[in-house]
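Asker: this one's structure only:
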């Protein structure tokens, strides 16, 4: 039996995977609560503007993908930044990845508890989700990346279900008025920050660069993914504006889920249960990727990146993640969105990493090029 | 340890958890042990706050009976039903909430908020205001009509979005309640021991019922809201019935918000004339048209006047003041302006006679 190697880089995947990954990583928990933070119709323009900002980040990221360092993975980073600083960065990354996993998992678990299993102890859900992710992750990096196709196919069509909410007889175009802001408050800035944070995620793809083959047209593929996300955001937001009206929207905790709950099907009464379950596939994909990154980052931090990956090491990482989630779930996760310290942190962390990582990589590339 | 062993151990592990009562799911849903109810009727209690009743068993072929509890809290009632009945009542199939008029005039927010927060209850649940004693009606019909609750639900479903009567579900009610005009509507039914009949549209101010439309107002309301269609438009005062009336509505509010101009283009058939007249000529037809127009103009203006006096806006006229690039009126400002607004109504009627007319 050959060694257990998670980070095997023998296969090189087509760039279409980048498109799907950019899109699915941007469509996680934040999408579900997106309308709560936006509320006002003028945020339609903000989504488009922030989408362009996100495109800037993606442009900078694509510069990294085109550089000679990208395909080398860890060695590339070490060559560019020096081994010591890579270790420091990996250590910071551990915290950020853990925070991201925490927020998306606990967010999803909260939704499941609210809509499907009201009497369930949430720690069980966390355990089950992480068991699945552990299984997916232990297959290795390349299969997990390939898993994005399944995640995409099983969740992307959900948007189509909302089409008929755009054409309800009670809808009037007046629900979208006024289209320009008249008082721009701190809340509106928060909305901007939130959208940008929701769009974050693709910056982690730089760590996966060695698994992709052609890097020439990477910008095009990433742009398609990003544009599709913006389209989905706009669509979901407009549909929820029509469905709730801007004034009622403020009162709703999970607008997307409530819309799904309202759907009617002649066969199933609770169509939302099925859709929420399908959505788990997307979450499993993202969490598996992040757990693998977590494992990789902790190996770098502990100076063990040259050694063989082990099953027990990976399982140990998973259990650390589980313990962290368990503690956060018990102590810090608050159900109200505006008082949730973890969510608040993730909004800032997501936005900051999405702007700083591309900038940092781009400037270091420039400096190296000049020297 | 190979793959097969890992799988077996995993299955044993899961089974241990489930079999030894550590199952993470506490609720049981065996079909034989539950009874999904289809409606709740909430009336004012004698000593307690509410008297709740529901029909059990709702779907199985057993003798049905009405279950009633007196409670102070809505969910206490749910518990009360379970204590009285051998099967557990489940709320997943709850389709109608009938609220008595007395409660509605005092405000239905406490009731609505309770059912709103329960994820088991669909947002499509129909809300109905009942005048009179609904329990009495159900009790008298138990032996006569089977599956009455189901057919009541089908009735609401049938008329949903048809413009023949007001049918409102929880979501639509909440959306209207939170909109800046705060004037939701609900259907009002009258119940006694023989009949359960539609009375009109109950107009709410915030969560309190303030007004129920009468017969003519109801028809005008249906024409102006919903999808602008009436199958029969009975004008009892003029002894006419118009059929298949379609309305095309234009609404103009001037810049200063002091004047509202409502232009209604009506197309319909003259279905019935219950007055003495000779064979219908073109002159006579246009005379009828003028007569109906001026009558409707007056009645509509009166109806709108009444809404203005009550400061309610169930027809969402406020929406027409919204522009893409101008600041919307504040709620208070709008309600003052609306109260003072001068309303002009203009009907333009085109009648189609049922038989050929002579010149």
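Answerer: Noted; the coordinates are in hand. The structure presented is a predicted model; accordingly, all values stated were derived computationally and were not measured.

Asker: doesn't residue B:334 make contact with residue B:181?
Answerer: Yes. Applying CB atoms under 8 Å, one finds residue B:181 in contact with residue B:334, separated by 7.5 Å. Just so you know, the C-beta spots here come from the backbone N, C-alpha and C atoms, and that holds for glycine as well.

Asker: Residues that sit against both of these two, list them.
Answerer: Jointly contacting residue B:181 and residue B:334 under the rule CB atoms under 8 Å, 6 or more residues apart in numbering or on different chains are residue B:318.

Asker: and the residue lying closest to residue B:88 once chain neighbours are set aside, how far is that from residue B:82?
Answerer: Spatial nearest neighbour of residue B:88, chain neighbours left out: residue B:34 (5.0 Å); criterion: CB to CB, 6 or more residues apart in numbering or on different chains. Distance, residue B:34 to residue B:82, by CB to CB, to the nearest Å: 10 Å.

Asker: near chain B, which residues of the stretch 101-250 of chain A?
Answerer: For the stretch 101-250 of chain A, the residues in contact with chain B (CB under 8 Å from any CB of the partner chain) are A:114-115, A:117-121, A:124, A:169-170, A:172, A:174, A:176-180, A:182, A:244-245, A:247-248, A:250.

Asker: among the residues you listed, which are in strands?
Answerer: Applying DSSP state E to those, no entry is found in strands.

Asker: Pull out the buried residues from those residues.
Answerer: Among those, the ones that count as buried by 16 or more other CB atoms under 10 Å in any protein chain shown are A:115, A:117, A:120, A:124, A:170, A:174, A:176-178, A:244-245, A:247-248.

Asker: shouldn't residue A:232 be in contact with residue A:27?
Answerer: Yes. Between residue A:232 and residue A:27 there is a contact under CB under 8 Å: 6.6 Å.

Asker: Looking at these two, which one has more neighbours?
Answerer: residue A:27 (27 against 18; other CB atoms under 10 Å in any protein chain shown).

Asker: residue ranges of the helices in the stretch 101-250 of chain B, please?
Answerer: Ranges of helices in the stretch 101-250 of chain B, per DSSP state H, counting those that start in this stretch, are B:101-106, B:109-117, B:134-141, B:148-159, B:170-178, B:215-224.

Asker: chain center to the third one, what's the gap?
Answerer: On the basis of CA atoms, centre = their mean, to the nearest Å, helix B:134-141 is displaced by 21 Å from the centre of the chain it belongs to.

Asker: Check whether stretch B:5-16 comes near chain A.
Answerer: No. Residues of stretch B:5-16 are not located near chain A by CB under 8 Å from any CB, the shortest gap being 8.7 Å.

Asker: List the buried residues of that stretch.
Answerer: Within stretch B:5-16, judged by 16+ other CB under 10 Å, no residue is buried.

Asker: go on, stretch A:93-109?
Answerer: A:93-94, A:96-109.

Asker: and if you look at stretch B:274-292?
Answerer: Buried positions in stretch B:274-292, judged by neighbour count with 16+ other CB under 10 Å: B:280, B:284, B:288-289, B:292.

Asker: gap between the two ends of that stretch?
Answerer: Distance across stretch B:274-292, first residue to last, is 14 Å (CA to CA, to the nearest Å).

Asker: what mean pLDDT does it have?
Answerer: Across stretch B:274-292, pLDDT averages out at 81.

Asker: now stretch A:99-117
Answerer: 90.

Asker: go on, stretch B:205-222?
Answerer: In this model, stretch B:205-222 carries a mean pLDDT of 89.

Asker: need the residues of the stretch 101-250 of chain B near chain A, please.
Answerer: Listed as neighbours of chain A in the stretch 101-250 of chain B under the rule CB under 8 Å from any CB: B:119-120, B:122-124, B:161, B:171-172, B:174-175, B:177-180, B:226-227.

Asker: If we only consider these, which is nearest to residue B:106?
Answerer: Using CB to CB, residue B:177 is the member of those that lies nearest residue B:106, at 15.6 Å.

Asker: Would you check that the closest one makes contact with residue B:207?
Answerer: Yes. With contacts defined as CB under 8 Å, residue B:177 counts as touching residue B:207 at a distance of 6.7 Å.

Asker: Could I get the contacting residues of the residue nearest the centre of chain A?
Answerer: Geometric centre of chain A, nearest residue: residue A:25, 3.5 Å, by CA atoms, centre = their mean. Neighbouring residues of residue A:25 by CB under 8 Å, 6+ apart: A:201-202, A:204-205, A:286, A:289.

Asker: wait, what's in contact with residue A:280?
Answerer: By CB under 8 Å, 6+ apart, the contact list for residue A:280 reads A:108, A:129.

Asker: in which helix or strand would I find it?
Answerer: helix A:271-301 (DSSP states H and E).

Asker: Tell me which helix or strand comes right after that helix.
Answerer: helix A:311-331.

Asker: Helix A:271-301 and that next one, what's the angle between them?
Answerer: Calculated by axes from the mean of the first three to the mean of the last three CA atoms, to 10 degrees, helix A:311-331 forms an angle of 120 degrees with helix A:271-301.

Asker: got a pLDDT number for residue 44?
Answerer: Using chain A. We have a pLDDT of 90 for residue A:44.

Asker: Let me rephrase: I mean chain B.
Answerer: At residue B:44, pLDDT is 87.

Asker: Near it, how many other residues are there?
Answerer: 14.
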